[in-house]
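Asker: The following comprises the amino acid sequence and a computationally predicted model.
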Amino acid sequence: MCGIVGYVGKKQATPIILDALKRLEYRGYDSAGLAVLANGGIEVHKTEGKISDLEATLPDIKGLYGIGHTRWATQGAPNTINAHPHVSGNIAVVHNGIIENYQELYDELKGDGYEFVSETDTEVLAHLAHKYYKGNLVAAVIEGLKRVKGTYAAAFLCGDLNQVVAARKDSPLVAGIGNGENFIASDVTAFLKYTRNVVYMHDFELVSLSSKKIEFFDFDGNPIEESIESIEWNIEAAEKSGYPHFMLKEIHEQATSVHDTMLGRISELTGDVVLGEVKLSKEEIRKLERVVIIACGTSYNAGLLGKYLFEGLAGIHTDVDISSEFRYSNPVLGDSTLVISISQSGETADTIAATKEAKTYGCRTLAVTNVVGTTLSREVENIVYTRAGPEIGVAATKTFTSQLITLYLLAVHFARIRKKMDVDMSKRLLVSLKQLPGMIQQILNNRESIRKQAVRFSTARDYFFLGRSLNYPIALEGALKLKEISYIHAEGYAAGELKHGPLALISKDTPVVALATRASTYDKMLNNIKEVKARGAPVLAIAGMDDTEIGKYVDAVIRVPVTVELLYPVLSSVVVQLLAYYTADALGCPIDKPRNLAKSVTVE
Ligand code: AGP
């Protein structure tokens with residue numbers, strides 16, 4: 001995730017900005033840059049790679065005002081030109097977020113005569129500020145940002161002024177108030193060394209920093225009073241925003257990450273999904289006879305849901321294969337097959353090798369991945385980025401739900417083009433998709449009741465997760481999450497398959513998590529619950545808030561908000577993640593770095 005910093009004060013800005021950027025390194029980045037007010041103008045330096053690479057190339061810049069950035073690419077390759085700051089005339093900007101109406105603004109600014117040098121969406125922010133600048137940077141930034149749809153935390157520096165201006169919408173921004181110096185940053189870790197007095201900014205708020213004063217404004221230019229908080233955390237806790245583990249932080253980021261995955265990709269007006277990244281023509285999409293999804297681990301579980309979606313919504317026969325098996329399976333593929341490789345890291349050796357293998361059959365290729373510029377992205381014709389932001393915990397959480405959202409979007413996109421879904425149905429589904437972030441937040445707010453259930457069963461040696469249909473992949477994912485971070489043996493099973501063998505293992509000592517949200521298979525799921533209850537198993541159900549029946553059959557119910565059948569898997573995912581997390585926490589496991597596992601598996 002990009003990190004932004006800004007400094008104004010009496011000290012040299014460059015070393016402070018570099019130090020602050022290093023504090024944000026844990027967020028992940030691929031390039032870095034800074035702009036400092038010096039020699040009567042702004043000096044900009046940037047590079048692809050590490051902050052140390054940037055530092056190594058810097059001249060001795062004398063200047064007391066500056067902004068800096070670590071970029072985690074979302075639009076445009078990770079290279080020096082795309083690194084921030086971006087400049088228009090004497091205004092420089094650094095930005096974290098996504099500009100949804102980039103194309104419209106780009107066309108307008110091009111028409112105004114502005115030249116674009118990068119592939120980034122951020123460059124429009126620099127040109128907009130320049131276009132509206134008439135000696136007052138606050139007014140120019142407000143006017144420019146009012147034109148922008150999307151998300152941003154952005155900081156601006158102007159060659160004429162001893163001032164840094166920053167504003168936010170849906171991306172984090174915090175101001176630090178020091179003694180004769182002031183700061184802004186994406187999070188407090190950046191400047192905790194210099195001050196513990198901070199203001200957490202809200203959406204549509206702007207801050208103007210000079211060494212003598214710090215002022216806050218709304219987007220009408222009215223001054224606003226902010227409350228100053230004192231930070232008690234140490235640096236390590238601050239990196240995790242106060243959460244004890246990255247995994248818990250990342251679980252909590254899902255209301256935002258799911259929103260970011262959808263951002264600018266849904267047209268409620270037409271009921272269409274807008275996926276400009278998919279280069280397949282409408283004709284090619286109509287002619288697809290088969291989709292083959294290849295992936296590993298959690299990404300494979302996402303792929304299993306993809307099968308239901310591509311078949312159920314878009315009418316395309318879909319197979320899902322584990323990457324390491326696919327390679328050696330003599331697959332039957334041709335040019336009417338689309339191979340979708342799912343990998344959050346884009347560096348999983350098995351998935352890369354399987355993708356290369358698939359290409360030898362002449363099929364079409366598409367990657368669903370979270371990291372720009374990875375090996376996988378260089379192997380495929382089409383890439384859809386999940387935009388979940390970097391994930392540090394080894395257990396995939398927010399990247400999984402963003403993969404699910406991406407698969408919904410792809411399935412609706414294909415379904416509309418293949419005329420398998422009418423506009424009313426797609427509008428209804430897209431509206432429901434857009435409600436998911438709020439619903440995820442409701443589940444997160446209810447985490448204490450999930451924690452209690454996790455603690456209650458944390459001494460179990462074996463666990464079962466049961467689901468049917470769309471819930472089956474989430475049963476697998478729940479079991480995988482629990483296994484990898486709590487070391488409790490867990491099985492994810494299609495509930496109807498239980499009686500064909502594993503029922504022999506069910507006893508009072510095997511807690512069963514039943515994914516029982518409303519679905520066409522709901523009654524059958526109730527029967528499966530009764531089967532395991534009859535063998536003495538304690539049953540914890542995940543069910544909708546409107547379900548008045550389920551409580552009669554189970555030991556405890558974790559409720560999720562009511563949505564359409566198709567979308568419950570996203571909500572249930574958050575519940576199983578929290579269950580796994582709190583179980584591992586109760587057992588004192590090293591949650592972010594489980595034994596024997598790595599975040600990115602680059603060996604076959
Ligand atoms: C998930 O919690 C695991 N750490 C693991 O199964 C992971 O999903 C798998 O290694 C695939 O990784 P990828 O998505 O980066 O390809």
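Answerer: All right, it came through fine.
Asker: What pLDDT is listed against the nearest residue to Met545 once chain neighbours are set aside?
Answerer: Leaving aside its chain neighbours, Met545 sits nearest to Arg559 (4.7 Å; criterion: C-beta to C-beta, 6 or more residues apart in numbering). Every residue, glycine included, has its C-beta placed from N, CA and C. Looking at Arg559, its pLDDT stands at 98.
Asker: for Ala598, same thing?
Answerer: 80.
Asker: quick one: the closest residue to the ligand within the chain from His95, how far?
Answerer: Closest residue of the chain to the ligand, C-beta to the nearest ligand atom: Gly297 (1.9 Å). Taking C-beta to C-beta, to the nearest Å as the measure, Gly297 falls 33 Å from His95.
Asker: More neighbours: those two, which one.
Answerer: Per other C-beta atoms under 10 Å, whichever of Gly297 and His95 has more neighbours is His95, with 27 against 22.
Asker: That one falls within a helix, correct?
Answerer: No. Looking at His95 with DSSP: H, G, I helix; E, B strand; the rest coil, it is strand, so not inside a helix.
Asker: quick revisit: I'd say the residue of the chain closest to the ligand and Leu480 touch.
Answerer: Yes. Under the criterion of C-beta atoms under 8 Å, Gly297 makes contact with Leu480 at 6.7 Å.
Asker: tell me the SS of the spatially most central residue of the chain?
Answerer: Closest to where the C-alpha atoms of the chain average out (C-alpha atoms, centre = their mean) is Ala388, at 1.2 Å. Three-state assignment for Ala388 (three-state DSSP): coil.
Asker: So Val601 lies in a strand, does it not?
Answerer: No. Under three-state DSSP, Val601 sits outside any strand and is assigned coil.
Asker: so it makes contact with Gln344?
Answerer: No. Applying C-beta under 8 Å as the test, Val601 and Gln344 come out as separate, 11.1 Å apart.
Asker: residues from the protein in reach of the ligand?
Answerer: Taking C-beta under 6 Å from any ligand atom, the part of the chain that reaches the ligand is made up of 296-299, 343-345, 348, 351, 394-396, 484, 600-601.
Asker: wait, which of those residues is closest to Ser324?
Answerer: Closest to Ser324 out of the residues of the chain next to the ligand is Cys296 (6.9 Å), distances taken as C-beta to C-beta.
Asker: So what does the residue of the chain positioned farthest from its centre look like in phi/psi?
Answerer: No residue in the chain has its C-alpha farther from the mean C-alpha position than Ala534, which lies at 41.3 Å (C-alpha atoms, centre = their mean). When read as degrees, to the nearest 10, the backbone of Ala534 gives phi -60, psi -20.
Asker: Val513 now?
Answerer: phi -100, psi 120.
Asker: Wait, it touches Ile474, no?
Answerer: No. If you go by C-beta under 8 Å, Val513 and Ile474 don't touch, sitting 9.7 Å apart.
Asker: Need the overlap of contacts for these two.
Answerer: Phe465, Val576 (C-beta atoms under 8 Å, 6 or more residues apart in numbering).
Asker: check contacts around Asp546.
Answerer: So Asp546 contacts Arg518, Val562 (C-beta under 8 Å, 6+ apart).
Asker: same check, this time on Arg265
Answerer: Neighbours of Arg265 in contact, by C-beta under 8 Å, 6+ apart: Val273, Val274, Leu275, Leu409.
Asker: Swap in 10 Å and give it another go.
Answerer: Contact partners of Arg265, counting by C-beta atoms under 10 Å, 6 or more residues apart in numbering, are 100, 272-277, 384, 387, 405-406, 409, 412-413, 430, 433.
Asker: Of these, which qualify as buried by neighbour count?
Answerer: In the contacts of Arg265, burial by neighbour count holds for 100, 272-273, 275, 384, 387, 405-406, 409, 412-413, 430, 433, counting by 16 or more other C-beta atoms under 10 Å.
Asker: Using CSV, lay out these together with secondary structure.
Answerer: Below are the buried ones among the contacts of Arg265 laid out as CSV (three-state DSSP):
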residue, secondary structure
Glu100, coil
Asp272, strand
Val273, strand
Leu275, coil
Val384, strand
Arg387, coil
Ile405, helix
Thr406, helix
Leu409, helix
Val412, helix
His413, helix
Leu430, helix
Leu433, helix
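Asker: State the pLDDT value of Glu604.
Answerer: 66.
Asker: Name the spans of the stretch 1-150 of the chain whose pLDDT lies under the cut-off.
Answerer: The stretch 1-150 of the chain contains residues with pLDDT under 70 at 1.
Asker: Mind jotting down where the strands sit in it?
Answerer: 3-8, 31-38, 41-48, 65-71, 86-88, 91-96 (DSSP state E, counting those that start in this stretch).
Asker: which of the ones you listed sits most buried?
Answerer: strand 3-8 (a mean of 31; mean count of other C-beta atoms under 10 Å).
Asker: and it, which strands flank it?
Answerer: Strand 3-8 has the following strand partners under DSSP bridges: strand 65-71 (antiparallel), strand 182-185 (antiparallel).
Asker: Take the ones you listed and lay them out in TSV including distance to Tyr29.
Answerer: Below are the strands paired with strand 3-8 laid out as TSV (distance: least, C-beta to C-beta, whole Å):
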stretch	distance to Tyr29
strand 65-71	4
strand 182-185	14
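Asker: ok, back up a step: quick one: common contacting residues for Gly297 and Leu480?
Answerer: With C-beta under 10 Å, 6+ apart as the test, Gly297 and Leu480 both reach Ala395, Ala396, Phe400.
Asker: Domain-wise, how is this structure divided?
Answerer: Listed domain ranges for the chain are 3-239, 245-436, 446-598 (source: automatic domain parsing).
Asker: picking that back up, compare Val601 and Gln344 and say which is more crowded by neighbours.
Answerer: Using other C-beta under 10 Å as the criterion, Val601 and Gln344 rank with Gln344 on top: 28 against 16.
Asker: I figured that one hits Leu404, correct?
Answerer: No. In this structure, Gln344 is not within contact of Leu404 by C-beta atoms under 10 Å, at 11.9 Å.
Asker: need the contact list for Gly393.
Answerer: 240, 245-251, 485, 581, 591-594, 599.
Asker: Apart from its chain neighbours, what residue comes closest to it?
Answerer: Per C-beta to C-beta, 6+ apart, closest to Gly393 is Met247, 3.6 Å.
Asker: burial count for that neighbour?
Answerer: Residues near Met247, counting by other C-beta under 10 Å: 30.
Asker: Ile529 is in contact with Val512, correct?
Answerer: Yes. If you go by C-beta under 10 Å, Val512 and Ile529 touch, sitting 7.8 Å apart.
Asker: So which of these two has more stuff around it?
Answerer: Using other C-beta under 10 Å as the criterion, Val512 and Ile529 rank with Val512 on top: 27 against 21.
Asker: Just grab the bridge partners of that one for me.
Answerer: Under the criterion used (DSSP bridges), Val512 bridges to Phe464, Val539.
Asker: what comes up buried for the helix or strand bottoming out on mean pLDDT in the chain?
Answerer: Sorted by mean pLDDT, DSSP states H and E, the helices and strands of the chain end with helix 235-239, the least confident at a mean of 74. For helix 235-239, burial by neighbour count (16+ other C-beta under 10 Å) applies to Ala238, Glu239.
Asker: C-terminal to the host helix or strand of Lys169, what's the next element?
Answerer: Using DSSP states H and E, Lys169 falls within strand 164-169. With elements assigned by DSSP H and E, the helix or strand that comes after strand 164-169 is strand 174-177.
Asker: same for that following strand, what does it pack against?
Answerer: When contacts are defined as 3 or more C-beta pairs under 10 Å, 6 or more residues apart in numbering; DSSP states H and E, strand 174-177 sits against strand 3-8, strand 164-169, strand 182-185, strand 197-200, strand 205-209, strand 214-218.
Asker: three-state assignment of Asn179?
Answerer: coil.
Asker: pretty sure Gly393 is in a strand, no?
Answerer: No. Counting by three-state DSSP, Gly393 is not found in a strand; it is coil.
Asker: Got the confidence number for it?
Answerer: 92.
Asker: swap in Ala586?
Answerer: 98.
Asker: from memory it sits against Ala460, does it?
Answerer: No. Contact criterion C-beta under 10 Å: Ala586 and Ala460 do not qualify, at 11.3 Å.
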